[in-house]
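> Below: sequence and its predicted model.
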Amino acid sequence: MPSTVTRKRPPARTSTKPSRLPLVLGALAVLGVAILIAVFTANDASSAVTVEDVAGSPSVVTDPLPDFGGDTAADPALGQRAPQVDGQAIEGGGAVTIGAGNGPELLVFLASWCPACQAELPELVGWLDGGNLPDEVALTAVVTGLDNTRPNWPPTDWLEREGYTGETIVDDAEGTIAGAYGMSGTPFWVALDAEGQVVARASGRLEMHQVQQMADVLAQG
């Protein structure tokens, strides 16, 4: 009988190359630490900006309006002379006056931490960028509700990030401008005719077609 030869199988090959998994995990860990450092650095920079750094020193020249009770149609301020307020634009801007009766005005009171304001501002920016504000009407954003312990601080960064380049006037820490105009919450809208009399006040978000209606009414006189 022929003899049977038993062949030995060669041993399984094992890779001698080092695993890349530790390198990948290490890189991810370094990236995570870098992101955390960047976040904390940004937060530290924001928290370093105090309310006093942002606040203005507005002066209310004329009598304040009654508080807004929420009913636009029955608002006791309708037809009343709005208070003239002399103040400053945000972040070291020049002198700004609202309510002087030098032409129709649309005022929007915004707080950087307010979720409704955060939703309203980009829509307002888009409306303005679309050239929808009549030439006869001046729009001013009143930056109020200053609080460096709440999110989205400071408001200067927020306005820049959203691309708002229009007129601003900044409130003080006590909310003097907001109080003078009877603000009940943010966003808060006030429409003034050419003589500085109140045409409308509204609290809460407005659709841009509503803003357009107010602006058109003011432009028509």
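That came in fine, so what should we check first?
> now the helices for the chain?
Assigned by DSSP state H, the chain shows helices spanning 21-47, 51-54, 115-129, 155-162, 176-180, 208-220.
> need the least confident one among those, by mean pLDDT.
When these are compared by mean pLDDT, helix 21-47 comes last with a mean of 48.
> Report the central residue of this structure.
The residue lying closest to the centre of the chain (C-alpha atoms, centre = their mean) is Ser112, at 4.4 Å.
> Contacts only, for it.
118, 143, 145, 150, 152-155, 158 (C-beta atoms under 8 Å, 6 or more residues apart in numbering). Any C-beta I mention is one placed from the backbone N, CA and C, and that applies to glycine too.
> Just the buried residues from the residues you listed, in PyMOL please.
The PyMOL selection below is limited to those of the contacts of Ser112 classed as buried (16 or more other C-beta atoms under 10 Å):
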select buried, resi 118+143+145+152+153+154+155+158
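> Return the closest of the contacts of Ser112 with respect to Val61.
Nearest to Val61 out of the contacts of Ser112 is Val143 (C-beta to C-beta; 19.6 Å).
> was I right about that closest one contacting Ile90?
Yes - if you go by C-beta atoms under 8 Å, Val143 and Ile90 touch, sitting 5.3 Å apart.
> coming back round to it: what pLDDT does the residue nearest to the centre of the chain get?
99.
> could you list every residue that touches the residue nearest to it when sequence neighbours are not counted?
Distances taken as C-beta to C-beta, 6 or more residues apart in numbering place Pro155 nearest to Ser112, at 3.8 Å, with adjacent residues excluded. Contacts for Pro155 (C-beta under 8 Å, 6+ apart) come out as 54, 90, 110-112, 143, 146, 170.
> Equivalent analysis for Ser203, please.
For Ser203, the contact set (C-beta under 8 Å, 6+ apart) comprises 68, 70, 183-189.
> try it again with 10 Å
68-70, 72, 109, 116, 182-189 (C-beta atoms under 10 Å, 6 or more residues apart in numbering).
> about what we covered before: please tell me how far the residue nearest to the centre of the chain sits from Pro64.
24 Å (C-beta to C-beta, to the nearest Å).
> re earlier: which neighbours do Val143 and Ile90 have in common?
Taking C-beta under 10 Å, 6+ apart as the contact rule, Val143 and Ile90 both touch 54-56, 154-156, 159, 168-171.
> Which two among those are spaced furthest apart?
Spanning the widest gap among the shared contacts of Val143 and Ile90 are Pro154 and Ile169, at 16.0 Å by C-beta to C-beta.
> got the contact list for Val190?
Contact analysis of Val190 by C-beta under 10 Å, 6+ apart lists 65, 68, 77, 82, 98-99, 105-109, 140, 142, 181-183, 198-202, 214.
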